[in-house]
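J.: Need a 3D model of the following:
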Amino acid sequence: MSENPKYNNNPKQDSAKYLQKKAAFAKILTIYGRKPVAEALEQNTIAPYRLHLADSNKPAGLINTMIEQAKDKGADVLYHSRAALSRISKNSKQDQGVALDIQCQGFQTLSEFEHHLPEHFDIIAVDAVTNPQNLGMIIRSVCASPCTALLLPEQGCAKLDALVIKASAGTLFKANIIRCPDLNDAIERLQNSGAQAFALAGGGEYTLQNLPLTGRNIYVLGNETHGVSAQIIKTCQHTLGIPMANDVESLNVSIAGSLVAFHRLYRTP
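T.: Predicted structure coming up:
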């Protein structure tokens with residue numbers, strides 16, 4: 001199954017070779033900055049793929065240590081011009097001449113997930129969650145919970161950077177994350193495979209107590225200020241509300257995400 005034609009204008013993208021390459025690329029997370037890269041290389045659970053260095057870097061103890069650690073773990077060490085490295089890191093102001101590609105086995109494309117679609121799944125999806133701390137904490141909750149995966153669009157959400165990694169307490173590297181170009185398109189594709197989508201909204205028709213315990217389910221968390229977008233609410237079949245006491249209007253999105261992620265563990269008869 002190829003990606004949606006909306007994002008597929010090249011016939012060659014239908015080939016098995018292309019899809020295999022894209023699936024492999026989806027598992028790669030690139031981080032940048034000397035401290036984040038050094039900390040990542042020190043973790044035994046992280047599988048580095050390539051260490052990228054600007055050829056303008058001056059020899060230094062930290063740089064030399066990173067090179068040794070990368071090589072010891074079987075990673076390639078590549079040198080680039082400053083301009084080329086900035087294209088890899090996508091953040092020339094903060095990369096400090098260093099970037100690292102990490103293999104995250106829990107990452108996959110939407111097409112890859114569809115090829116092995118479980119009979120039952122609970123997916124948390126994020127719609128324009130822009131605060132890195134919130135996204136990191138959501139990733140941590142999804143990783144720790146019975147949820148199948150996090151559905152993460154390529155545009156509109158916080159980037160998977162050092163702030164997200166820190167907020168996730170390192171769980172980003174082992175979390176199951178489905179990456180998709182467009183959230184609305186991804187929801188519609190999964191609905192075509194029998195999934196129900198629930199948009200988190202005040203006064204929703206469903207609560208945590210009557211959500212389905214079987215089947216294919218997607219729970220969408222919205223932006224910190226505006227909530228789930230009108231288009232996504234329109235696409236979803238249902239809305240999900242969390243009752244509030246004491247005239248509290250809403251919860252932080254990461255807290256709401258935790259409640260949804262763990263809902264099936266704390267259901268009362």
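J.: Now do the strands in this structure.
T.: Counting by DSSP state E, one finds strands in the chain at the ranges 28-32, 47-54, 76-80, 98-103, 107-109, 121-126, 149-153, 177-180, 196-200, 216-221, 238-240.
J.: And those: which comes nearest residue 209?
T.: Closest to residue 209 of these, according to CB to CB: strand 238-240, at 10.9 Å. (Glycine included, C-beta is placed from N, CA and C.)
J.: Can you give me the buried ones in that closest one?
T.: Under the neighbour-count criterion of 16 or more other CB atoms under 10 Å, strand 238-240 has 238, 239, 240 buried.
J.: For residue 226, which residues are in contact?
T.: residue 128 (CB atoms under 8 Å, 6 or more residues apart in numbering).
J.: check contacts around residue 73.
T.: Applying CB under 8 Å, 6+ apart, the residues contacting residue 73 are 41, 47, 48.
J.: And residue 201, by the same measure?
T.: Neighbouring residues of residue 201 by CB under 8 Å, 6+ apart: 222, 227, 228, 233, 239, 240, 241.
J.: quick one: residue 95 and residue 89 touch, right?
T.: Yes - between residue 95 and residue 89 there is a contact under CB atoms under 8 Å: 3.7 Å.
J.: So for these two, which residues contact both of them?
T.: residue 32.
J.: still on that earlier bit, make CSV out of the buried residues of strand 238-240 and add distance to residue 54 and pLDDT.
T.: Output for these, formatted as CSV (distance: CB to CB, whole Å; pLDDT from 0 to 100):
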residue, distance to residue 54, pLDDT
238, 50, 98
239, 49, 98
240, 47, 98
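J.: now, which of those sits nearest residue 157?
T.: Nearest to residue 157 among the buried residues of strand 238-240, with distances taken as CB to CB, is residue 240, at 19.5 Å.
J.: thought the closest one was touching residue 209?
T.: No - assessed by CB under 8 Å, residue 240 is found out of contact with residue 209, at 10.9 Å.
J.: Could you pull out the residues contacting both of those two?
T.: Joint contacts of residue 240 and residue 209 (CB under 8 Å, 6+ apart) do not exist.
J.: between the strands of the chain, which one is nearest to residue 186?
T.: Counting by CB to CB, residue 186 lies closest to strand 177-180 out of the strands of the chain; the figure is 4.0 Å.
J.: list the helices and strands the closest one packs on?
T.: strand 107-109, helix 110-115, strand 149-153 (3 or more CB pairs under 8 Å, 6 or more residues apart in numbering; DSSP states H and E).
J.: how about the longest one: buried residues?
T.: To tie it back to what came earlier, the one meant is helix 110-115. For helix 110-115, burial by neighbour count (16+ other CB under 10 Å) applies to 110, 111, 112, 113, 114.
J.: again with stretch 156-169
T.: Buried-residue list, stretch 156-169, by 16+ other CB under 10 Å: 157, 158, 160, 161, 162, 163, 164, 165, 167, 168.
J.: Return the member of the residues you listed nearest to residue 184.
T.: residue 157 (13.6 Å).
J.: which residues touch that closest one?
T.: Applying CB under 8 Å, 6+ apart, one finds that residue 157 lies in contact with 126, 128, 129, 130, 135.
J.: most surrounded residue in those?
T.: residue 135 (28 neighbours; other CB atoms under 10 Å).
J.: low-scoring stretches of the stretch 1-150 of the chain, by residue?
T.: For the stretch 1-150 of the chain, residues meeting the criterion pLDDT under 70 lie at 1-14.
J.: gap between residue 164 and residue 175?
T.: Using CB to CB, to the nearest Å, we find residue 164 at a distance of 11 Å from residue 175.
J.: swap that for residue 186, sorry
T.: In terms of CB to CB, residue 186 sits 17 Å off from residue 175.
J.: next one: residue 28
T.: For residue 28, the distance to residue 175 - CB to CB - is 15 Å.
J.: more neighbours, these two?
T.: More neighbours surround residue 175 than the other of residue 28 and residue 175, with 22 against 13 (other CB under 10 Å).
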